[in-house]
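**Student:** The sequence isn't on hand, but the structure is:
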């Protein structure tokens, strides 16, 4: 059994490497026509360059799993701005894609909390489709549309989970099929627990990205021992290894908030279960210290009996 480790967006070990430098719509409006496009191009150029730096960092550290920033392109989905962010950077997108393919990196996106298919408002669903298309377009520009995944949550309950889940399945039909094929769902820490999210995934043939921290904050009746095999089965029709999100609470009082690092004791019950099941897994570290938390967790786990570090970002479990 192998566990590969990844992190979110920014390697904080690198200087000034944010791939999510922004341009607000307010600032955009203050600029002249010429300045607007110049600023959009400049910020996007910076973000793509920093993404490239991150990929090189990951390759050097043998980190094979990485979540790309959703904010690489400023104002990409704003209704009054939506602009062609592919053509000016064709070479740059392709350079990212070549690195991803050459080193067999697993990449994903995680759109923000407003990308959901549970709302009663048509506009919100339409915007969710636009946002999913934006993420898919970046994958396509990189030439990795068949390899990347886009992960979202089900969304709010709006006072009636049964009615809302029905609306979710209905609204999801608006999403183009080729994008739905690269979509995953994640259980959340307040509303839709693991079992509820799993039922939706099973109905739609969508893989479930299991979040252990969220599960512990929002428990359901079935035991995790019984849920995990079903979670893994949602990945059977894909060519991907199941993915699990890993983080630990900042404190008991702030249980849902992510700590700087990952507390090994907090995730040990999960590790013990995974070891029993013998399932290869990819861990996405969602701790605040990002790449540093990843490297520390790999080091901590490698000291456990039966856990052998076989690369910078991979552990073999016997």
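**Tutor:** Thanks, I have the structure now. Just so you know, these numbers come straight off a predicted model, no measurement behind them. Numbering: from 1, shown residues only.
**Student:** Assign residue 4 to helix, strand or coil.
**Tutor:** The three-state label given to residue 4 by DSSP: H, G, I helix; E, B strand; the rest coil is strand.
**Student:** which residues touch it?
**Tutor:** 64, 65, 106, 241, 281, 282, 283, 313, 314 (Cβ atoms under 8 Å, 6 or more residues apart in numbering). The way it works is simple: take the backbone N, C-alpha and C, and place the C-beta from them, glycine included.
**Student:** what's the nearest residue in space to the third one that is not next to it in sequence in contact with, if anything?
**Tutor:** Closest residue in space to residue 106, ignoring its immediate chain neighbours: residue 65 at 4.7 Å, by Cβ to Cβ, 6 or more residues apart in numbering. When the contact criterion is Cβ under 8 Å, 6+ apart, the partners of residue 65 are 4, 5, 6, 7, 105, 106, 243, 282, 283, 284, 313.
**Student:** What ranges does this protein have for its strands?
**Tutor:** 2-8, 65-67, 106-109, 149-153, 183-186, 208-211, 243-246, 281-285, 307-311, 314-317 (DSSP state E).
**Student:** which pair in the contacts of residue 65 spans the largest distance?
**Tutor:** 105 and 283 (14.8 Å; Cβ to Cβ).
**Student:** which one of these two has more residues nearby?
**Tutor:** residue 283 (27 against 20; other Cβ atoms under 10 Å).
**Student:** so what's that one up against?
**Tutor:** Here residue 283 is in contact with 3, 4, 5, 6, 65, 243, 244, 245, 246 (Cβ under 8 Å, 6+ apart).
**Student:** Residues in a beta bridge with it, which ones?
**Tutor:** residue 5, residue 244 (DSSP bridges).
**Student:** quick check: angle from the longest helix seen in the chain to strand 2-8?
**Tutor:** The longest helix of the chain (DSSP state H) is helix 33-60. Per axes from the mean of the first three to the mean of the last three Cα atoms, to 10 degrees, the angle that helix 33-60 makes with strand 2-8 is 150 degrees.
**Student:** buried set for helix 33-60?
**Tutor:** Neighbour-count burial for helix 33-60 flags 36, 39-40, 43-44, 46-48, 50-51, 53-55, 57-59 (criterion: 16 or more other Cβ atoms under 10 Å).
**Student:** Stretch 219-238 too?
**Tutor:** Those would be 220, 224, 227, 228, 230, 231, 232, 234, 235, for stretch 219-238 by 16+ other Cβ under 10 Å.
**Student:** Who are the contact partners of the residue nearest to residue 261 when sequence neighbours are not counted?
**Tutor:** Spatial nearest neighbour of residue 261, chain neighbours left out: residue 293 (4.7 Å); criterion: Cβ to Cβ, 6+ apart. Counting by Cβ under 8 Å, 6+ apart, residue 293 touches 7, 260, 261, 262, 285, 287.
**Student:** Now a ChimeraX select for only the buried ones of the residues you listed.
**Tutor:** Buried residues within these, by 16+ other Cβ under 10 Å, are selected in ChimeraX with:
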select :7,261,262,285,287
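**Student:** Switch the contacts of residue 293 over to TSV; also include distance to residue 72.
**Tutor:** Formatted as TSV, these follow (distance: Cβ to Cβ, whole Å):
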residue	distance to residue 72
7	16
260	25
261	27
262	26
285	20
287	22
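**Student:** Quickly check the contacts of residue 293 for the two that are furthest apart.
**Tutor:** 7 and 260 (12.8 Å).
**Student:** hang on, the earlier thing: of all the buried residues of stretch 219-238, which comes closest to residue 140?
**Tutor:** Of the buried residues of stretch 219-238, the one sitting nearest to residue 140 (Cβ to Cβ) turns out to be residue 235, at 22.5 Å.
**Student:** Can you list the residue ranges for helices in the chain?
**Tutor:** 25-30, 33-60, 90-102, 122-142, 161-171, 177-180, 194-204, 212-217, 224-233, 264-277, 290-302.
**Student:** Just give me the residue closest to the centre of the chain.
**Tutor:** residue 110 (3.9 Å; Cα atoms, centre = their mean).
**Student:** Grab the nearest non-local neighbour of it.
**Tutor:** Per Cβ to Cβ, 6+ apart, closest to residue 110 is residue 151, 4.8 Å.
**Student:** And for residue 12?
**Tutor:** residue 290 (5.2 Å).
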